[in-house]
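**Q** Coordinates for the following, if possible.
(one chain, ligands or ions: 1)
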Amino acid sequence: MNILVVYDSAYGNTESIAKAIGSACKADVLRVGEVKAEQLKDLDILLVGSPTQAFQPLPSVKAFLKNLPVGSLTNVKVASFDTRVDVKQVGNRFLTILVRLFGYAAQPIMSALVKKGGVRAVPPMGFIVIEKEGPLKDGEIERAIQWSKEITE
Ligand SMILES: Cc1cc2nc3c(=O)[nH]c(=O)nc-3n(C[C@H](O)[C@H](O)[C@H](O)COP(=O)(O)O)c2cc1C
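**A** Numbers count the residues shown, from 1 in each chain. Model (predicted):
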């Protein structure tokens, strides 16, 4: 199976998730800036991940998705993931309301993938970081591996 994981990461946490998924699923893993058009041909599965910043994917990830030709993901199974902080742990009521309104990066990533013809394999998924720069919460790498196996097996 031809599986590709595309990601970007500011502090390395989303990168850790992407690489763990890549090893578990024998997938190629590329940072957004490294992806060449021919690497998107003949894909069976495409996973795209980004940190959530200001409720959205990083601009680099948004640009990558925007530049995918219309129909380029026809018949490709797609999945999206993000990293995010746990609003319950932050305990800020205003932030909780904003998060309810604007959500996390994985949702708009999925919408963009489907818009380009992709077939949603699983709902968008988020993985928790403890602080802005990480580390990931205990067990999130293992959860990411399990999640990716649901898509690829
Ligand atoms: C400028 C900025 C804005 C952020 N905004 C959000 C946000 O809206 N929601 C959220 O859950 N986390 C937010 N975070 C925390 C990031 O999600 C966290 O830094 C990221 O998951 C770490 O992943 P990375 O190491 O791959 O960059 C923000 C972080 C930064 C630096």
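
**Q** where's Leu98, which helix or strand?
**A** helix 93-102 (DSSP states H and E).

**Q** so how many other residues sit close to Thr152?
**A** Burial of Thr152 is recorded as 18 neighbouring residues (other C-beta atoms under 10 Å). In this view, the C-beta of every residue, glycine as well, is placed from N, C-alpha and C.

**Q** ok, now which ones touch it?
**A** Thr152 sits next to Met1, Ile3, Cys25, Ala27, Ile45 when contact means C-beta atoms under 8 Å, 6 or more residues apart in numbering.

**Q** Pick the one among those closest to the ligand.
**A** The ligand has its nearest neighbour among the contacts of Thr152 in Ala27, at 17.9 Å by C-beta to the nearest ligand atom.

**Q** quick one: is the helix or strand of the chain with the lowest mean pLDDT near the ligand?
**A** Between all helices and strands in the chain, the lowest mean by mean pLDDT, DSSP states H and E belongs to helix 87-90, at a mean of 82. No - against the ligand, helix 87-90 shows no contacts by C-beta under 6 Å from any ligand atom, the least distance being 6.8 Å.

**Q** ditto for stretch 1-15
**A** Yes - Stretch 1-15 comes into contact with the ligand when judged by C-beta under 6 Å from any ligand atom, the residues involved being Ser9, Ala10, Tyr11, Gly12, Asn13, Thr14, Glu15.

**Q** Can I have the buried ones of those as a ChimeraX selection?
**A** Buried residues among these (16 or more other C-beta atoms under 10 Å), as a ChimeraX selection:
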select :9,10,13,14,15
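
**Q** Which members of the residues of stretch 1-15 next to the ligand occur in helices, if any?
**A** With helices defined by DSSP state H, the entries of these inside them are Asn13, Thr14, Glu15.

**Q** pLDDT added to those, as CSV?
**A** Output for these, formatted as CSV (pLDDT from 0 to 100):
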residue, pLDDT
Asn13, 98
Thr14, 98
Glu15, 98
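
**Q** in the sheet, who's paired with the most centrally placed residue in the chain?
**A** Nearest to the geometric centre of the chain sits Gly49, at 1.9 Å (C-alpha atoms, centre = their mean). The residues paired with Gly49 through beta bridges, assigned by DSSP bridges, are Tyr7, Phe81.

**Q** Quick check: residues of the protein near the ligand?
**A** Residues of the chain lying near the ligand by C-beta under 6 Å from any ligand atom: 9-15, 51-55, 83-85, 104, 129, 132, 134.
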